[in-house]
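Peer 1: need a structure here:
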Amino acid sequence: MKKKKEILTMPRSDRRILSNIPDPENVRSLVNRRGASYQTEGGDIDPTNVNEIYRLQLLSLRYETAFEVNIKRARQKNPYQYYAEDISVTGILVYTDSANKLLADEIVTMQFTIPDGAMPEGYESKVKLKAKVVRQFTKEVDGKTRYYYAFEFLNPLNEYLTKKRWGLSIFVASLFLFIVSLIVVLMRAESVIYFKFNKFLYLYSIIAATFLLSRYLFGIFYRNVPINPQYEPGVSIIIPVFNEEQWIHRTILSCINQYYPVDKLEVIVVDDYSTDRTEEAANNMIELIHREGGRFKTEGRLKFHKLPQNGGKREALIAGVHLAKHDLVVFVDSDSFLEPHAIRNLVQPFQDPKMGGVAGRTEVENKFTNALTKLQTVRYYIAFRIMKAAESWFDTVTCLSGPLACYRKELILKNETAWLNQKFLGQPATFGDDRSMTNYILKTHRTGYQDNAVCSTIVPSETKVFLSQQMRWKRSWLRESLRAFLFMWKKEPFMFLFFIIGLIVPIAAPIVVVYNLIYVPIMHGIFPTTFLMGLMLMAMLMSLAHLFFRRSKLWTFGFIFVLFYEFILLWQMPVAWVTFWKSTWGTRETPQDVLAREKKLEKQKIRKSRFSMLKIRKMGEKE
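Peer 2: The predicted structure follows:
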């Protein structure tokens, strides 16, 4: 079956594929002059300010695109049609098939609409601004001459959108977040008044609202651990991969191309005996990196290791840990891509000797593919920027997520045997490896979250795959939450209360929904106005928080996600209650999946055999 084509933001390729590694010979700059020219005074950039360097890099980054551009010249008509070939925050490259007379340094008015996915999230918008011609040239394309014009915006897009839309988005989101929070508080005050009429229902509503509002409060006031320029511990990045030929080259490049000291970073790719062309794709990228990476010593710090047989993700990760030479190990999924400053930010909390593991923020790479990926975009952002950030206040992040997480190597090795051989109710625990390892770490150490350590990942764009993933996550959440309950009481008291409520609310949610939407209307003839209003307020909190932080048009999908969750995803929870010991993956062929499939086929054969015997017996009786 043909896979759905993912819509990805496409930065224009740099001729230097290792453009972010600190240059040991200092022969080139990390920041393109186009990004720094108007953002810094005198062009001076502090080389230790990693996050500022990355911000300037983004301003100078060009994105491949294709959309129509309308150009108006002063006091002249311009009948030509132009098309954008690439765009950045500071300028745009357009072409036309007809020769015309745009002049060097001429200032024109440009009108265009930046489509979804052409630039990073938040830039999708209608634009009308002035620009200056800075370069022109011709190029042969498919046997025809194209006339190209490079423009520099007089008002960069980030400043233009701040005045036009972003500033308003922040103001509106802030105002309505306050109003929605106030309404929720007032509604819960009403619940106290009516508590005696239905103790269970109103107690649940009070607890759920308090839990939700407290998480948003802690999440909004969260702050990253700042970068200490003197703190540069050795880091080994482990990439476990299985049948990921489409994305593995991007993952490898993003991991080695980090703004981090050359002698302090290594990358180890562990192939869990893939059956497609993953090995070929990985080795091709590694060879390409080595050709350019002489002065970056990539030969000694980028390795490929293939397991002799398929053993599962945990086996691959442990194999990588044993090959690692540094004290901190970073686990990165094979379809996740690190931003250049991710590792530098991710390691900062480890200045605390009791910090055992740290999660980075995961964003959706294919966010504009379809409605399903847009829903996940809002959900991912809130799950990390609000929920994990809130847990980080208490140094008790309950899941160091698979796409990007860092651990102390000694703790991984200490829990290696238990992790590899973990069973629950007699069944091997083959998924939920990130939650499982987090539990082992939390028993003795703290866990944290760094919002500035960012990676992006490919999320499911097909409903069947997405639902399988969500069921797997719910099963692992139930299993690992029961494990965590045994030691979480030793943590900070408020966090333990947080944990208990966070366990009760989702488990009880299906019962509460059935009671409010089915039982009450049928038995009492009362329309569930209050419940639906509460649901809408919860959706508004998610959507407005996304608008506040991201200033993106995708914020409306927060409403849709909450409805999608309540009427579809929520009903996976009762199924998870009675099947959370299952060990099949659901989206990839693990040894457990093969065994489960063989058992299913064997049962089908037995049923067919019994049916055949019964049919023969009945025919004999008739004769």
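
Peer 1: let's verify residue 385: helix, strand, or coil?
Peer 2: helix (DSSP: H, G, I helix; E, B strand; the rest coil).

Peer 1: and it, how many neighbours?
Peer 2: Neighbourhood size, residue 385 [other CB atoms under 10 Å]: 22. Yep, even glycine has a C-beta here, placed from its N, CA and C like the rest.

Peer 1: same check on residue 307?
Peer 2: For residue 307, using other CB under 10 Å, the count is 17.

Peer 1: cool, and the one 5 residues further on?
Peer 2: If you count neighbours by other CB under 10 Å, residue 312 ends up with 23.

Peer 1: when you give positions from now on, start the count at 629
Peer 2: Sure, I'll start numbering at 629, so the last one becomes residue 940.

Peer 1: my guess is it meets residue 1058, correct?
Peer 2: Yes - with contact defined as CB atoms under 8 Å, residue 940 counts as touching residue 1058 (5.7 Å).

Peer 1: using CSV, list the CA coordinates for stretch 769-786.
Peer 2: In CSV, the C-alpha atoms belonging to stretch 769-786 read as follows (Å, rounded to 0.1, in the frame of the first residue of the first chain):
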residue,chain,number,x,y,z
VAL,A,769,15.0,25.1,-16.4
ASP,A,770,13.5,22.3,-18.6
GLY,A,771,14.9,24.1,-21.7
LYS,A,772,13.3,27.4,-20.8
THR,A,773,14.9,30.6,-19.5
ARG,A,774,13.8,31.7,-16.0
TYR,A,775,14.4,35.2,-14.8
TYR,A,776,15.2,35.3,-11.1
TYR,A,777,15.0,38.2,-8.6
ALA,A,778,16.2,38.1,-5.0
PHE,A,779,14.5,40.6,-2.7
GLU,A,780,15.3,41.7,0.8
PHE,A,781,12.3,42.7,2.9
LEU,A,782,12.5,46.2,4.3
ASN,A,783,10.6,45.0,7.3
PRO,A,784,11.6,41.4,8.2
LEU,A,785,8.7,38.9,8.5
ASN,A,786,9.1,38.3,12.2
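
Peer 1: what is the end-to-end distance of stretch 867-885?
Peer 2: In stretch 867-885, first residue to last residue: 14 Å (CA to CA, to the nearest Å).

Peer 1: which ones are touching residue 915?
Peer 2: For residue 915, the contact set (CB atoms under 8 Å, 6 or more residues apart in numbering) is empty.

Peer 1: state the mean pLDDT of the strand or helix carrying it.
Peer 2: Using DSSP states H and E, residue 915 sits within helix 906-920. What helix 906-920 shows for mean pLDDT is 96.

Peer 1: any buried residues in it, and which?
Peer 2: Of all the residues in helix 906-920, those buried under the rule 16 or more other CB atoms under 10 Å are 906-907, 909-911, 913-914, 917.

Peer 1: could you do stretch 798-812 as well?
Peer 2: Buried, per 16+ other CB under 10 Å, within stretch 798-812: 801, 804-805, 808-809, 812.

Peer 1: quick revisit: can you name the next helix or strand after the helix holding residue 915?
Peer 2: By DSSP H and E, the next helix or strand past helix 906-920 is strand 930-934.

Peer 1: the spatially closest residue to residue 1144 that is not a sequence neighbour: neighbour count?
Peer 2: In space, and not counting its chain neighbours, residue 1144 is closest to residue 1159: 4.1 Å by CB to CB, 6 or more residues apart in numbering. Using other CB under 10 Å, residue 1159 has 17 other residues around it.

Peer 1: kindly report the same for residue 868.
Peer 2: With other CB under 10 Å as criterion, residue 868 counts 26.

Peer 1: that's a helix at it, yeah?
Peer 2: No - the assignment for residue 868, made by three-state DSSP, is strand rather than a helix.

Peer 1: just the element for residue 886, please.
Peer 2: Per DSSP H and E, there is no helix or strand for residue 886.

Peer 1: one more: residue 814?
Peer 2: Residue 814 belongs to helix 795-821, assigned by DSSP H and E.

Peer 1: give me the buried positions along whatever helix or strand comes next after that helix.
Peer 2: For helix 795-821, the following helix or strand on the C-terminal side (DSSP H and E) is helix 827-848. For helix 827-848, the neighbour count (16+ other CB under 10 Å) marks 829-830, 832-837, 839-841, 843-844, 846-848 as buried.

Peer 1: tell me the one of the buried residues of helix 906-920 nearest residue 1092?
Peer 2: The nearest member of those to residue 1092, counting by CB to CB, is residue 906 at 22.8 Å.

Peer 1: quick one: residues contacting that closest one.
Peer 2: 869-873, 876, 899.

Peer 1: can you redo those residues as CSV with pLDDT?
Peer 2: Listed next are the contacts of residue 906 as CSV, based on pLDDT from 0 to 100:
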residue, pLDDT
869, 98
870, 96
871, 96
872, 96
873, 96
876, 97
899, 98
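
Peer 1: now stretch 775-784: average pLDDT?
Peer 2: 95.

Peer 1: then stretch 1200-1218?
Peer 2: Mean predicted confidence for stretch 1200-1218 is 68.

Peer 1: try stretch 1075-1085
Peer 2: 97.

Peer 1: repeat for stretch 1004-1024
Peer 2: 96.

Peer 1: of all the residues in the longest strand belonging to the chain, which ones are buried?
Peer 2: Using DSSP state E, we find that the single longest strand of the chain is strand 754-769. For strand 754-769, the neighbour count (16+ other CB under 10 Å) marks 755, 757, 759, 761 as buried.

Peer 1: cool, and stretch 894-910?
Peer 2: 894-902, 906-907, 909-910.

Peer 1: in these, find the pair that's most separated.
Peer 2: Every pair of the buried residues of stretch 894-910 checked by CB to CB; the farthest is 894 and 901, at 22.5 Å.

Peer 1: same for the longest strand of the chain, what does it pack against?
Peer 2: strand 719-724, strand 735-741, strand 772-781, helix 785-789 (3 or more CB pairs under 8 Å, 6 or more residues apart in numbering; DSSP states H and E).

Peer 1: pLDDT of the second one, averaged?
Peer 2: The reference is to strand 735-741. 94.

Peer 1: can you list contacts of it?
Peer 2: So strand 735-741 is contacted by 695-702, 706, 712, 720, 730, 753-761, 779, 782 (CB under 8 Å, 6+ apart).

Peer 1: what about it, distance to the chain center?
Peer 2: Taking the mean of its C-alpha atoms, strand 735-741 sits 34 Å from the chain's own mean (CA atoms, centre = their mean, to the nearest Å).

Peer 1: sheet-wise, list the partners of it with their directions.
Peer 2: According to DSSP bridges, strand 735-741 forms sheet pairs with strand 691-701 (antiparallel), strand 754-769 (antiparallel).

Peer 1: distance between the first one and the chain's centre?
Peer 2: Distance, stretch centre to chain centre, for strand 691-701: 30 Å (CA atoms, centre = their mean).

Peer 1: give me every residue that touches the closest residue to residue 731 other than its chain neighbours.
Peer 2: Among residues not flanking residue 731 along the chain, residue 761 sits closest, at 6.6 Å (CB to CB, 6+ apart). Residues near residue 761 by CB under 8 Å, 6+ apart: 730-736, 777-779.

Peer 1: go on, residue 1071?
Peer 2: Residue 1071 neighbours (CB under 8 Å, 6+ apart): residue 1115.

Peer 1: in TSV, list the buried residues of strand 754-769 along with distance to residue 1038 and pLDDT.
Peer 2: As requested, these are exported to TSV (distance: CB to CB, whole Å; pLDDT from 0 to 100):
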residue	distance to residue 1038	pLDDT
755	52	95
757	55	94
759	56	96
761	59	95
